[in-house]
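A.B. asks: Got a sequence here, can you model it:
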Amino acid sequence: MGTLQESQKRLVRKRFTVDSCHHSLNNSKYDEKTGQVYTETQVSFWGSSDKDWEYRTHAMPYVDSLSTTEIQNAPKNGIKKVKQKGSRSLQLTTLDTIIANVSDLSLQSLELMPLKLVEFLWNTIVQKSCLCLHVWSIFSTTLLRRGSSTIGMLRYRETIPTPQSPLETYTQALLSKKFDFITGLTITVPVPVPELMNLTKLVNLVALEILHQGDPCRSLISDLLIKAWSISASQEASFPILRVIKLWNHREITSRSLACIDNFPALAVYEIRGCDIDDYSILAGTGWTLQDAAEPYYDLECERPRNRELVQACKEMRVENTMSTHRVMSWDYKLHKLIDQVGIIRKNFDLERVGVSPKNRVLYVNEMMSRMPLACIRLGPSNSLTPEPTKLFLKKQTSIQKENIRPKCTKMKNTDALKSKERQCTTLTKKKRKLDELLHEFS
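C.D. replies: Purely as a prediction, here's the structure:
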């Protein structure tokens with residue numbers, strides 16, 4: 001009897017060997033010590049952190065990296081790559097090595113290079129789709145300081161559809177205390193209020209958009225957050241160049257928030273959609289005006305270039321690779337245009353106040369834009385909100401600007417002083433009319 005049981009056990013062991021188990025059962029294994037049959041499964045998963053996100057390569061347009069002269073002299077059939085004959089030169093080999101380690105470049109290393117070499121590196125990096133926020137920031141700073149004609153470094157945009165890290169992880173990379181570039185931030189995912197309060201540290205923030213895509217009643221944005229931001233702006237000099245605030249689908253935003261927006265030193269546009277605001281009497285005498293517009297950005301008018309040949313050359317440019325082209329109506333275009341228009345109306349008073357003097361305007365994608373680098377980052381998916389009436393609050397001139405208007409010459413005779421005041425009042429009246437005409441285009 002015992003011999004029969006032992007033979008049956010040997011038969012079972014033989015039946016569940018590793019080889020036979022592999023053929024009979026899918027991905028199953030047999031443990032001889034315990035007699036158990038188990039299955040091993042390997043599951044791969046992505047990391048749950050966006051640390052060092054600013055070093056990830058991001059495809060940028062090929063044509064934007066060119067200078068104004070190159071665009072004008074470009075052939076009508078587009079730009080073609082020149083094929084190299086023979087063995088690769090030492091220059092190309094060195095260039096490939098630099099591109100492979102592009103994230104290791106620093107601002108100090110670029111400052112030691114000749115300007116032509118920096119421009120050549122920039123064009124090559126964009127062509128090879130190796131551009132990231134870190135690389136863009138150091139190249140834009142270097143090229144702008146050295147007066148380069150390259151205009152592709154004026155704008156940078158990137159979308160992170162599913163943010164995996166706290167908000168501070170992204171704002172640290174967007175911070176520029178010396179205002180080498182300005183930042184436009186769009187948030188379409190829920191963010192805790194304490195993290196939103198840390199936006200007061202982002203001194204180069206010029207536009208803030210928070211779009212809630214869920215139930216408006218469940219939004220965390222409220223009047224208390226706007227009030228906390230305004231207190232920080234008035235007492236701690238936060239948001240020195242914040243020109244645009246855009247809040248969509250937040251039921252906790254009420255008319256009380258209108259009492260706080262005047263504390264932002266540079267705020268010019270306060271756009272509300274899907275919020276509970278119905279009383280505007282608190283804005284009386286503050287300089288803020290209400291404009292009803294479904295889409296105010298399309299009505300803005302930019303300065304058009306006079307060089308028709310250059311405009312035609314820009315229109316005829318074509319991209320022959322698979323990269324995403326930087327078209328005029330990209331998601332950041334309207335925001336960039338609005339920021340630029342506010343700068344025209346106020347003559348970039350906020351930037352001059354923090355020690356930045358924007359240089360001459362340049363032609364950028366068939367329009368005249370300010371020569372100030374702007375990085376637009378969107379955290380979350382694209383906006384899918386249903387269209388609702390927009391309440392747009394505008395302010396032409398800040399109280400700080402009014403206080404700083406003074407006659408240039410103080411030591412004059414009484415008659416000359418009176419004449420100077422009359423001329424100044426006339427100039428201000430004409431200027432106010434022009435501003436009214438520009439602001440009328442918002443509606």
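
A.B. asks: CA only for contacts and neighbour counts going forward, please
C.D. replies: OK.

A.B. asks: Next one: Glu236 from Gly355, what distance?
C.D. replies: 18 Å (C-alpha to C-alpha, to the nearest Å).

A.B. asks: low-scoring stretches of the protein, by residue?
C.D. replies: Low-confidence segments of the chain (pLDDT under 70): 1-27, 43-48, 58-84, 149, 292-329, 359, 364-366, 383-389, 397-443.

A.B. asks: Going along the chain, name the strands of it.
C.D. replies: With DSSP state E as the criterion, the chain has strands at 28-30, 37-39, 155-160, 182-187, 205-211, 244-248, 269-273, 288-292, 359-364, 367-371, 374-379, 390-395.

A.B. asks: Leu199 is nearest to which of those?
C.D. replies: strand 205-211 (8.4 Å; C-alpha to C-alpha).

A.B. asks: Can you give me the distance of the spatially closest residue to Trp136 that is not a sequence neighbour to Phe139?
C.D. replies: Leaving aside its sequence neighbours, Trp136 sits nearest to Met153 (C-alpha to C-alpha, 6 or more residues apart in numbering; 6.8 Å). Met153 sits 7 Å away from Phe139, going by C-alpha to C-alpha.

A.B. asks: do the same with Ile125
C.D. replies: 11 Å.

A.B. asks: Repeat that for Leu338.
C.D. replies: 25 Å.

A.B. asks: What is the burial count for Ser129?
C.D. replies: Residues near Ser129, counting by other C-alpha atoms under 10 Å, number 16.

A.B. asks: what do you get for Met113?
C.D. replies: 11.

A.B. asks: just Thr162 next, same as before
C.D. replies: 12.

A.B. asks: Could you tell me which residues make contact with it?
C.D. replies: Leu379, Gly380, Pro381 (C-alpha atoms under 8 Å, 6 or more residues apart in numbering).

A.B. asks: If we ignore the residues flanking it in sequence, what's nearest Val135?
C.D. replies: Here the residue nearest Val135, using C-alpha to C-alpha, 6+ apart, is Ser103, at 6.7 Å.

A.B. asks: measure Ser357 to Asp340 for me?
C.D. replies: Here the criterion is C-alpha to C-alpha. By it, Ser357 lies 14 Å from Asp340.

A.B. asks: Have a look at those two and say which one is more surrounded.
C.D. replies: Asp340 (19 against 14).

A.B. asks: residue contacts, the more buried one?
C.D. replies: Asp340 touches Met369, Ser370, counting by C-alpha under 8 Å, 6+ apart.

A.B. asks: and if you look at the one 10 residues further on?
C.D. replies: Under the criterion of C-alpha under 8 Å, 6+ apart, the neighbours of Asp350 are Pro240, Ile241, Pro265, Ala266.

A.B. asks: which of these lies closest to Ala207?
C.D. replies: Nearest member of those to Ala207, counting by C-alpha to C-alpha, is Ile241, at 8.6 Å.

A.B. asks: Could you double-check that the closest one lies in contact with Val206?
C.D. replies: Yes - look at Ile241 against Val206 with C-alpha atoms under 8 Å: they come within range, at 5.4 Å.

A.B. asks: Settle it for me: which of Ile125 and Phe139 has more neighbours?
C.D. replies: Ile125 (26 against 22).

A.B. asks: hang on, isn't Leu110 packed against Thr142?
C.D. replies: Yes - the pair Leu110 and Thr142 qualifies as a contact (C-alpha under 8 Å) at a distance of 7.0 Å.

A.B. asks: Please report how far the residue nearest to Val135 lies from Arg56.
C.D. replies: For Ser103, the distance to Arg56 - C-alpha to C-alpha - is 8 Å.

A.B. asks: higher neighbour count, those two?
C.D. replies: Ser103 (18 against 15).

A.B. asks: ok, now which ones touch the more buried one?
C.D. replies: Contacts of Ser103 by C-alpha under 8 Å, 6+ apart are Tyr55, His134, Val135.

A.B. asks: Check Lys177 too.
C.D. replies: Val203, Asn204.

A.B. asks: Give me the neighbour count for the residue nearest to Cys132 when sequence neighbours are not counted.
C.D. replies: Spatially, and ignoring its direct neighbours in sequence, Cys132 is nearest to Thr57 (4.6 Å; C-alpha to C-alpha, 6+ apart). Look at Thr57: counted by other C-alpha under 10 Å, it has 18 neighbours.

A.B. asks: so Thr57 sits right up against Cys130, yeah?
C.D. replies: Yes - if you go by C-alpha under 8 Å, Thr57 and Cys130 touch, sitting 5.0 Å apart.

A.B. asks: before we move on, the earlier item: include mean neighbour count when you put the strands of the chain into a markdown table, please.
C.D. replies: Below are the strands of the chain laid out as a markdown table (neighbours: other C-alpha atoms under 10 Å):
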| stretch | mean neighbour count |
| --- | --- |
| strand 28-30 | 18 |
| strand 37-39 | 11 |
| strand 155-160 | 19 |
| strand 182-187 | 22 |
| strand 205-211 | 23 |
| strand 244-248 | 19 |
| strand 269-273 | 21 |
| strand 288-292 | 17 |
| strand 359-364 | 16 |
| strand 367-371 | 20 |
| strand 374-379 | 22 |
| strand 390-395 | 20 |
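
A.B. asks: will you turn these into CSV that also has distance to Arg346?
C.D. replies: Listed next are the strands of the chain as CSV, based on distance: least, C-alpha to C-alpha, whole Å:
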stretch, distance to Arg346
strand 28-30, 72
strand 37-39, 69
strand 155-160, 21
strand 182-187, 17
strand 205-211, 14
strand 244-248, 13
strand 269-273, 12
strand 288-292, 15
strand 359-364, 15
strand 367-371, 13
strand 374-379, 18
strand 390-395, 10
